[in-house]
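>>> mind folding the following:
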Amino acid sequence: MAERRVALVIGNSAYKSVARLTNPANDATLVGGMFKKAGFDAVDIKLDLNVAEMRRALRDFGDKTKDAEVAVIYYAGHGIELDGINYLIPTDATLERDSDVLDETIALDRALFALDPAKKLRLIILDACRDNPFAKTMKRTIAA
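Below you'll find the model as predicted:
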């Protein structure tokens, strides 16, 4: 019996509060095409997602991983680390203070949770810019 393989591909380029990234949407389209050519059963390519759309995409993808042996998430866009936790940044994030990260971004652990039901292989590929574009304006409110 053939393995069921599923992939979620997210490329965030069109950020509203910081400079647009040129590559993520293009990279996501190419990577998604590669997964399709590789014979994946379901490939969801999502571009320029806001926080609600990212949450919905991960929730829907989690449903697809329940009957999959292999599940892959590819993310291209901005990422940030705060107090040892990594976050994916949706296109509508403003991040005026570090506590906004908890409300306006997606914790990497949330993406891992979406992969958890896959039976054999769970893989996240991060192609994330980690130079925090909000660093110059973001106020620190969480004690170090």
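>>> against P117, how distant is the residue lying closest to E3 once chain neighbours are set aside?
Using C-beta to C-beta, 6 or more residues apart in numbering and skipping residues adjacent in sequence, the residue nearest E3 is E69, 4.0 Å away. Quick note: C-beta positions are derived from backbone N, CA and C, even for glycine. Separation of E69 from P117 (C-beta to C-beta, to the nearest Å): 10 Å.
>>> same deal with D48?
In terms of C-beta to C-beta, D48 sits 27 Å off from P117.
>>> of the two, who's got more company?
Legend: neighbour count by other C-beta atoms under 10 Å for D48 and P117, higher for D48 (20 against 15).
>>> and the gap between the more buried one and K36?
Counting by C-beta to C-beta, the gap from D48 to K36 is 20 Å.
>>> tell me the phi and psi of R5?
phi -120, psi 130 (degrees, to the nearest 10).
>>> in this protein, which strand is the longest?
Secondary structure of the chain per DSSP state E: the longest strand is strand 70-82.
>>> mean confidence for that strand?
The average pLDDT within strand 70-82 is 95.
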